[in-house]
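[1] Sequence plus the predicted model coming up.
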Amino acid sequence: MQTRAVKEGDEYVVNGSKIWTTLGNYADHMILLARTNTKTERKYDGLSFFLSPMKVAGIEAHPIRKVTGEYGFNQTFFTDARIPASCLMGEEGGGWTVAMKTLEYERGVTAGQASAYWGVAVQVDDMIDELSAIEQDGEPLLSDPIVRDDLVGFMMEAKALSLAARRMAIPALGTDYPMGLALSVKYRGTEYERRMKQYTASKQGAQSALYVGDDDAVSGGFWQRAYFSNFGATIGGGTTQVQANIVAEHVLGLPK
Amino acid sequence: MSVTPNVTMTFSEEQGMLLDVARGFVRDKAPIDVIRAQLETETGFDPALWQSMVDMGWTGIALPDSVGGAGMGVGSAVPVFESLGGGLLGTPLLSTTLAGQLIWRAAGEAAASWLTRLCGGEVGALALLDHADWGAANCGVSLGSDGCLSGRKCFVADAGVADVFVVVANDNGEPILAIVEATALSSDALSHNVVIDLTKRSANVDFTGVVPVDILRGERVVAALRDTLLLGALLTASETTGAAALCLSGITDYLKTRKQFGKLIGSYQALKHPTVDIYVGMENARSFIYHGASVVDDLSRLRRRRDGLQDGQSGR
């Protein structure tokens, strides 16, 4: 954590840069975790949590182009930027605790995603509709028993996710791992969606290779873009591997 | 139209009580050393344990009270089978429950005498398969004009301890259910299967020359068979989901105690991550069986869908 915030009177002076600032080029305010003390014994104790204004001199947000061709993330540069000391949230040096609490919301039931990923909900029905229109060697793709088998697998996964959401409301049906369903939501959901979108794109024959912007792309390249975009969901807010560790340690009680 | 619209999930107070009682029963009466002691025996279960299950009314959970049952529906049997699977407790409860459901659905109160016997602890077995091939029509055993059955059935679960067999057979092309008492079988009628699940017992049964003590026939037989296959799938899934949960806790216990090179092996991601996938699979299965339990006592929707599929319509 290199970005420094140094208190001067009733202001902090910030220098450094932050990356993956979600929608930072539009935002009026940002969450800023900065180092206010470089000499603490534990490095976490030198961090402070700010709700910083962004439209101030010395703060510049530069949009980053993603693999999907879209924008959304930014790199934010701080050059002698002065922000009010009242922007400090919690105690100076107590930023790590506040940040971890904030991340709980991102990783938990309300797992979020940069660049309005949840704006388009893609259902297993959409996949089946898309694949219904595709032919393979002059036969409907859906007459292929292997494809049908795969689709049943996706349908079952989609249904399992919906059912798990319902089951969470009935504590008596989850007494042996009480927090298990809630803590595994992101792990289960984002990986399923990534595979579902990858599958749909992969069944478009040679057109699988076409992307948004090509007139011949199936459904305008929707599935290719959704697939790439979904990779973000398996990374942001704690990668799939981090999520698996959380479930292993906090649900199954495995050692760190 | 959506493929996943129905996410009904209910859990009644009765089901909750059955779950608590069944878990407690398995914990107290069937710890793993008791289970192990039964693996090598001929029947695979302790008759005293079976009698306690009968006394608790488990053989009649899903049957109506007019025939000696508790009238709680098949959905209420799900937590019991999950708990029994969670203790690897292999008893003839599944066979007896399914035999009861098939008879009830095919004949109703006209067959009350058989159902009362099953509720009272007599073991029922379902003689269904003619071939190892699941796709084949299973009416190979036939009823002759002399009133005798001919043919044999494969993999009849709990055949060795059954008091009553429900045999799926055909009478000049009409599907019937032949009720056969174990005492009518010849001494060499059973050839036992060697199955991978050491807690289960099954046998091939030759019914040739046996005179059924009762015949259930009529238009309800085929529908009853179809429904019973669904119920069998749900209750088997319930039992195996319980067993999967037991395996998972065995895995995590081992990962938390076994050390290699001075480190608990459960701290390695190479073991953590596959274990999490087993956990997720187990939870998914559990969601499905409780969804099944929530909808199974009204099969009308499933029947419409299934019959539509058989008429070549979209099942969605």
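    Here it is on my side, so go on.
[2] if I look at the nearest residue to A:Thr40 once chain neighbours are set aside, how far off is chain B?
    Ranked by Cβ to Cβ, 6 or more residues apart in numbering or on different chains and with sequence neighbours excluded, the top spatial neighbour of A:Thr40 is A:Gly46, at 4.2 Å. Just so you know, the C-beta spots here come from the backbone N, C-alpha and C atoms, and that holds for glycine as well. According to Cβ to the nearest Cβ, to the nearest Å, A:Gly46 stands 29 Å off from chain B.
[3] neighbours around A:Gly46, how many?
    20 (other Cβ atoms under 10 Å in any protein chain shown).
[4] B:Gly16 too?
    Neighbour tally, B:Gly16, other Cβ under 10 Å: 14.
[5] From A:Gly237, how far off is it?
    35 Å (Cβ to Cβ, to the nearest Å).
[6] Same check on A:Phe49?
    Taken as Cβ to Cβ, the span from A:Phe49 to A:Gly237 is 17 Å.
[7] more neighbours, those two?
    Remark: of A:Phe49 and A:Gly237, A:Phe49 carries more neighbours, 25 against 21, as counted by other Cβ under 10 Å.
[8] Now that the more buried one has come up, it's in contact with A:Val98, right?
    Yes. A:Phe49 is in contact with A:Val98 according to Cβ atoms under 8 Å; the separation is 4.1 Å.
[9] Between the two, which contacts overlap?
    A:89-90 (Cβ atoms under 8 Å, 6 or more residues apart in numbering or on different chains).
[10] so what's B:Val80 closest to, chain neighbours aside?
    Closest to B:Val80 by Cβ to Cβ, 6+ apart is B:Ala22, at 4.6 Å.
[11] so the one you found touches B:Val78, yeah?
    No. Applying Cβ under 8 Å, one finds B:Ala22 not in contact with B:Val78, separated by 10.3 Å.
[12] Same drill for these two, tell me which one is more crowded.
    Legend: neighbour count by other Cβ under 10 Å for B:Ala22 and B:Val78, higher for B:Val78 (29 against 24).
[13] What is the burial count for A:Gly69?
    With other Cβ under 10 Å as criterion, A:Gly69 counts 14.
[14] so what's it closest to, chain neighbours aside?
    If the residues on either side of it in the chain are set aside, A:Gly69 comes closest to A:Val212, at 6.1 Å by Cβ to Cβ, 6+ apart.
[15] could you measure that neighbour against B:Leu234, distance?
    Applying Cβ to Cβ to A:Val212 and B:Leu234 gives a distance of 45 Å.
[16] So for those two, which sits in the more crowded spot?
    B:Leu234 (22 against 15).
[17] Now the residue sitting furthest away from the middle of chain A, what are its backbone angles?
    Computed with Cα atoms, centre = their mean, the residue of chain A farthest from its C-alpha average is A:Gly138, at 39.7 Å. Dihedral pair for A:Gly138: phi 80, psi 0, per degrees, to the nearest 10.
[18] cool, and A:His62?
    Per degrees, to the nearest 10, the backbone of A:His62 is at phi -110, psi 110.
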